[in-house]
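J.: Turn this into a structure:
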Amino acid sequence: MMVEFHVTFADLDSARRLARAALQARLAACANLVPGVASLYWWQGRIEEETEVLAILKTSRHKADDLAAFVAANHPYDTPAIIRHGDVGANAGYERWIEEETRSR
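T.: Residues are numbered from 1 along each chain as shown. The predicted structure is shown next:
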């Protein structure tokens, strides 16, 4: 099983920077960046609407806590949404690849 995180960003550059850093640190094996996400949310007493970039980060169970801490420490938002989906199933070959790519080298 693997763990997947959904994290939103204000722009593609900040999403790409954080995703690349997480990959380089071997905290994630893969990042998908989805621009153009319409986000509506409560902020400081009113409903806001923004276009954001959704980053989908895939990691192994043993790196999930470290990835969550890394995203929290390096995200440009004051209150980032770091949504963790634990024990996400995928085909066996993909799950093996996630495990291999998140091992420290």
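
J.: Tell me who's in contact with the most centrally placed residue in the chain.
T.: Centrality entry for the chain: nearest residue to the mean C-alpha point is Leu57, 3.7 Å, by CA atoms, centre = their mean. By CB atoms under 8 Å, 6 or more residues apart in numbering, the contact list for Leu57 reads 4-5, 7, 19, 22, 28, 30-31, 67, 71. For every residue, glycine as well, the C-beta is placed using N, CA and C.

J.: What of Val37?
T.: With contacts taken as CB under 8 Å, 6+ apart, Val37 has the following neighbours: 8, 51-54.

J.: hmm, try it at 10 Å
T.: The neighbours of Val37, taking CB atoms under 10 Å, 6 or more residues apart in numbering as the test, are 6, 8-9, 50-54.

J.: repeat for Ala68
T.: Residues near Ala68 by CB under 10 Å, 6+ apart: 3, 5, 7, 27, 57, 59, 82, 84.
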